[in-house]
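In: what follows is a predicted structure for the sequence shown.
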Amino acid sequence: IIAYDNLYTSPTCTGPTAYWAYNTSGTITNAVVLSVDGKQAAFVQTSSTGVAALVLLTWKSSNGTLTSPVTPTPVSVGSYHGCTAPCMTTITLSGSPSDTYSYPYYSYHSDTIYVGDDGGALHKFINIFRSGTPAEATSPWPVTVNSATGLAPLSSPVYDFGSGLVFVGDYLLNSSSTCEPSATAVNNTCGYLYSVNSSGAVIQSHDLDYNFGILDSPIVDPSTGSVYVFVGDDGSTSCTGSTPCAAVFQFPVGFTTGSTGSKKATVGPGYEFMMSGTFDNAYF
């Protein structure tokens with residue numbers, strides 16, 4: 001993991017330079033979240049045996065380069081807050097699952113992190129950056145989100161402070177198959193939007209993606225109580241002959257089981273994954 005500075009200015013006109021770089025002894029494939037002051041980072045990494053762990057890192061400036069990264073001092077979870085930088089602690093996800101595409105979502109209000117795994121479970125971690133002992137929350141966590149199979153990997157979650165709900169989709173890890181053969185199929189493997197409340201209750205939408213599922217995080221508009229999910233294959237044949245459409249679905253945050261959403265907009269021919277968008281400046 002590496003940080004850069006001098007992104008836009010450099011005294012010698014050589015461009016960005018390494019600010020710090022660390023070898024944390026794992027493979028990091030997903031996004032990093034930062035503390036409010038930026039002095040700590042959290043991310044998920046996978047070991048050589050395929051087991052995912054949440055890593056908390058306190059960094060030190062001018063410490064390591066891309067070709068010569070520093071190994072942070074490993075500390076116990078109880079000694080992490082206040083440890084001397086550079087230092088890190090790791091928390092293996094309960095059940096020792098892998099995690100391919102689900103990155104951690106950090107709630108700055110509650111100092112908690114939510115992240116999914118490849119077995120279809122949603123995890124919650126507490127006491128991340130501020131104080132207390134970092135740990136994975138226990139019962140009802142982790143929550144098995146896809147109750148039909150428990151095998152569909154989860155994409156990245158998003159937490160809505162207004163409703164207290166976590167929203168997440170699922171997808172197909174093995175691209176040699178599909179979430180389901182057609183829009184009329186039953187017992188579908190993946191391609192759903194879910195909401196999970198603090199008690200672990202799961203609400204599953206109607207199936208939304210009919211090929212490889214929902215790879216990216218939903219986005220939430222708390223001002224209107226809406227959640228948006230992006231799919232690459234809506235199960236139709238209405239875009240360019242027999243090609244299915246990529247589409248955006250809008251749901252109320254309190255959607256019910258089997259809901260198809262309140263609105264849908266197609267965005268042209270689809271088929272594979274569609275990544276999530278973001279709101280523009282007019283929205284903000």
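Out: Looks like it came in fine. These numbers come from a predicted model, not from an experiment.
In: wait, Ser262 sits on Gly254?
Out: No. Applying CB atoms under 8 Å, one finds Ser262 not in contact with Gly254, separated by 11.0 Å. Heads up, the C-betas are built off the backbone N, CA and C, glycines and all.
In: next, Gly78: phi, psi?
Out: phi -70, psi -20 (degrees, to the nearest 10).
In: can you check the pLDDT for it?
Out: The model reports Gly78 with a pLDDT of 97.
In: same check on the one 10 residues further on?
Out: Met88 is assigned a predicted lDDT (pLDDT) of 98.
In: and it, that one's in a strand?
Out: Yes. Per DSSP: H, G, I helix; E, B strand; the rest coil, Met88 lies within a strand segment.
In: what pairs with it across the strands?
Out: Leu57, Pro74 (DSSP bridges).
In: and what about Tyr283, helix, strand or coil?
Out: coil.
In: beta-bridge partners for the residue lying closest to it once chain neighbours are set aside, please?
Out: Spatially, and ignoring its direct neighbours in sequence, Tyr283 is nearest to Asp221 (7.8 Å; CB to CB, 6 or more residues apart in numbering). Per DSSP bridges, the residues bridged to Asp221 are Ser226.
In: Asp221 and Ile214: what is the separation?
Out: For Asp221, the distance to Ile214 equals 18 Å [CB to CB, to the nearest Å].
In: where does pLDDT dip in the stretch 151-284 of the chain?
Out: Along the stretch 151-284 of the chain, the model assigns pLDDT under 70 to residues 151, 174-177, 180-188.
In: strands along that one, start to end?
Out: Counting by DSSP state E, counting those that start in this stretch, residue ranges of the strands within the stretch 151-284 of the chain are 158-160, 165-169, 193-196, 202-204, 219-221, 226-231, 245-252, 263-269.
In: same list (these) but as a markdown table, adding distance to Ser139 and mean neighbour count.
Out: Putting those into a markdown table (distance: least, CB to CB, whole Å; neighbours: other CB atoms under 10 Å) gives the following:
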| stretch | distance to Ser139 | mean neighbour count |
| --- | --- | --- |
| strand 158-160 | 19 | 19 |
| strand 165-169 | 16 | 26 |
| strand 193-196 | 14 | 25 |
| strand 202-204 | 15 | 18 |
| strand 219-221 | 26 | 18 |
| strand 226-231 | 26 | 24 |
| strand 245-252 | 28 | 21 |
| strand 263-269 | 36 | 13 |
